[in-house]
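got a sequence here, can you model it:
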Amino acid sequence: MTDEVSPRGGLWARLLRRIDDLYNGEGRDARVFRWSLLAFDGITIGYFVFATFLHPLDELHAIEEAIGLVYLLEFAARLAISRHRLQAVFSPVGLADLIVIASLLTPSLSSNYSFLRVVRALRLLRSYHMLKNLRRQSRFVRLYEDVLFSVINLAVFVFVITAIVYVTQVGSNPGIRNYFDALYFTVATLTTTGFGDVTLVGDSGHILAVLIMIFGISLFLRLVQTIFRPGKVRYECPQCGLSRHDIDAVHCKHCGALLHIPTEGAD
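Okay, the predicted model is just below:
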């Protein structure tokens, strides 16, 4: 069990124990619950992207407020069982959750609806927490955690850059009409392909394009390489406990014990 509390006695205490078991337990209900949370995040993030094509915006308020209420309840549940509540609130994931919830429940407070919709992609940061939980219940996740972590890093990185391009260019750049236009430009620039059919306008747009190209040469290509050519695989040696090995390792480099890593290179 992690930094969670399990108070005793009373209806409220039983409710907290049940919530704690769903988030941190090892039973079937807990596994189904965590996979369902991950699926719900994926569906809603897809909806946020798709929503950039829909007009008028007022028609979406009921759906977005319903999603916001679910997020708020889920955030409150995590906060209720946490020992360090202030730390949970002000952590990067906690702050991102609060921003997303506020953007869903109070859209009338901002005139920049485009920014509100794109900033909801911050929900992707929850994937880091979910990956940590899923590692306990999935052998596949434990074996390929590094690859999955790189995939999440890449997704968050691309979403954030795309969001910046979309928010700063939509309405003033005829080449950026929706989120997919921004995503197309971002990927083409990050990969240094640069077709040239979509460009950023204005001095700020040119500076942003330069920064994206610099990141493309360094971080983006490195993340892609990590995904398709992972250097290590997680597998605990039965003799010495070493947990990281070459993906085609037959013997442990530390103690020489025979390994049975379930990959193409396993003996």
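
helix or strand for residue 72, which one?
helix 61-80 (DSSP states H and E).

and that helix, how far out from the chain's middle?
In terms of Cα atoms, centre = their mean, to the nearest Å, the centre of helix 61-80 is found 17 Å from the chain centre.

buried ones in that helix?
64, 67-68, 71-72, 74-75, 77-78 (16 or more other Cβ atoms under 10 Å). (Glycine included, C-beta is placed from N, CA and C.)

may I have stretch 155-163 as PDB, with CA atoms only?
Provided in PDB are the C-alpha atoms of stretch 155-163 (Å, rounded to 0.1, in the frame of the first residue of the first chain):
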ATOM      1  CA  ALA A 155       2.500  11.800 -26.400                       C
ATOM      2  CA  VAL A 156       2.600  14.500 -23.700                       C
ATOM      3  CA  PHE A 157       5.400  16.300 -25.500                       C
ATOM      4  CA  VAL A 158       3.600  16.300 -28.900                       C
ATOM      5  CA  PHE A 159       0.300  17.300 -27.300                       C
ATOM      6  CA  VAL A 160       1.900  20.300 -25.400                       C
ATOM      7  CA  ILE A 161       3.700  21.600 -28.500                       C
ATOM      8  CA  THR A 162       0.600  21.100 -30.700                       C
ATOM      9  CA  ALA A 163      -1.500  23.000 -28.100                       C
END
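
report the buried residues of it.
For stretch 155-163, by 16+ other Cβ under 10 Å, it's 156-163.

can I get those in TSV with pLDDT?
Formatted as TSV, the buried residues of stretch 155-163 follow (pLDDT from 0 to 100):
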residue	pLDDT
156	77
157	80
158	83
159	79
160	79
161	85
162	85
163	80
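
between those residues, which sits nearest residue 30?
Nearest to residue 30 among the buried residues of stretch 155-163: residue 156, at 25.7 Å, using Cβ to Cβ.

name the nearest residue to residue 161, ignoring sequence neighbours.
Among residues not flanking residue 161 along the chain, residue 186 sits closest, at 5.1 Å (Cβ to Cβ, 6 or more residues apart in numbering).

which secondary structure element contains the one you found?
Going by DSSP H and E, residue 186 is part of helix 179-190.

quick one: mean pLDDT over the next helix or strand after that helix.
Next helix or strand after helix 179-190 toward the C-terminus (DSSP H and E): helix 202-215. Helix 202-215 carries an average pLDDT of 87.

residues in contact with helix 202-215: which ones?
Outside helix 202-215, the residues that touch it by Cβ atoms under 8 Å, 6 or more residues apart in numbering are 157, 161, 164-165, 168-169, 172-173, 186, 189-190, 192, 199-200.

let's have those residues in JSON lines, adding distance to residue 241.
Listed next are those as JSON lines, based on distance: Cβ to Cβ, whole Å:
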{"residue": "157", "distance to residue 241": "33"}
{"residue": "161", "distance to residue 241": "39"}
{"residue": "164", "distance to residue 241": "43"}
{"residue": "165", "distance to residue 241": "46"}
{"residue": "168", "distance to residue 241": "49"}
{"residue": "169", "distance to residue 241": "51"}
{"residue": "172", "distance to residue 241": "57"}
{"residue": "173", "distance to residue 241": "55"}
{"residue": "186", "distance to residue 241": "42"}
{"residue": "189", "distance to residue 241": "44"}
{"residue": "190", "distance to residue 241": "39"}
{"residue": "192", "distance to residue 241": "42"}
{"residue": "199", "distance to residue 241": "53"}
{"residue": "200", "distance to residue 241": "51"}
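
just the helices in the stretch 51-200 of the chain please.
For the stretch 51-200 of the chain, the helices defined by DSSP state H, counting those that start in this stretch occupy 61-80, 85-90, 92-105, 113-119, 126-135, 139-143, 145-169, 179-190.

tell me which of the ones you listed lies nearest to residue 42.
Judging these by Cβ to Cβ, what sits closest to residue 42 is helix 126-135, at 8.9 Å.

ok, now how distant is residue 46 from residue 184?
Applying Cβ to Cβ, to the nearest Å, the value for residue 46 to residue 184 is 17 Å.

what are the phi and psi angles of the most far-flung residue of the chain relative to its centre?
In the chain, the residue that sits farthest from the middle, by Cα atoms, centre = their mean, is residue 256; the gap is 37.4 Å. Dihedral angles of residue 256 (phi, psi; degrees, to the nearest 10) stand at phi 80, psi 0.
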